[in-house]
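1. Quick one, what's the 3D model for this:
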Amino acid sequence: MYKITMFLGALLSLIGLISYAVSAFEHFTAALPLILGLPIIYCGWESARSPEKRKLLMHIALTCAVILFLGSFMRIVTMGPHPDRKELNKVFSLWGTTVITFVLIGIYVQSFLAARSGKTTAPAAPESTPAPEPEAPSEPKA
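-> The predicted model follows:
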């Protein structure tokens, strides 16, 4: 799980860095995938180092992913159906961020549900066949 978190956080950071550079470092919002991708990478890296904190760190990474997903998705909705040619960088950045964070959220939710179901159901004890009862000593035949 932590490897996927670090990889997708790195993709988000790369998208943010490229978008911010293409916007000539003018639009600070283009760097948001970078700004929120770095804590996601850190959470993945730190959960690999200290498994006892993994639950907390994955919830922090999920929170960053949800914030990023909501922000990018709302910008896509308000952008309109036909963006200008000058806004192609924004379109690719928003769609890339939205898709990556959607996948990341889906993976986190699936993992959390699997962990939750593993805790609520006790593992079934292997059924053993009952040992045959010892036979009563038979009486000698005369």
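
2. where along this structure do the helices fall?
-> For the chain, applying DSSP state H gives helices covering 2-22, 32-49, 54-79, 88-120.

3. Rebuild the ones you listed as JSON lines, extending it with mean pLDDT and mean neighbour count.
-> Bear in mind the C-beta positions are built from the backbone N, C-alpha and C, glycine included. Rendered in JSON lines, the data for the helices of the chain read as follows (pLDDT from 0 to 100; neighbours: other CB atoms under 10 Å):
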{"stretch": "helix 2-22", "mean pLDDT": "93", "mean neighbour count": "19"}
{"stretch": "helix 32-49", "mean pLDDT": "95", "mean neighbour count": "20"}
{"stretch": "helix 54-79", "mean pLDDT": "93", "mean neighbour count": "17"}
{"stretch": "helix 88-120", "mean pLDDT": "89", "mean neighbour count": "15"}
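
4. how much space between Arg49 and Val77?
-> Applying CB to CB, to the nearest Å, one obtains 39 Å for the distance of Arg49 from Val77.

5. Hmm, I typed the wrong one, I wanted Gly71.
-> According to CB to CB, Gly71 and Val77 sit 11 Å apart.

6. Ok, Ile18 next?
-> Ile18 is 23 Å from Val77, where distance means CB to CB.

7. got a list of what the residue nearest to Ile18 when sequence neighbours are not counted touches?
-> If the residues on either side of it in the chain are set aside, Ile18 comes closest to Ser93, at 7.6 Å by CB to CB, 6 or more residues apart in numbering. Residues in contact with Ser93 (CB atoms under 8 Å, 6 or more residues apart in numbering) are 15-16, 18-19, 30, 33.

8. Over to Cys43?
-> By CB under 8 Å, 6+ apart, Cys43 lies in contact with 5, 9, 57-58, 60-61, 64.

9. Ala65 now?
-> Contacts for Ala65 were tallied using CB under 8 Å, 6+ apart; they are 36, 40, 101, 104-105, 108.
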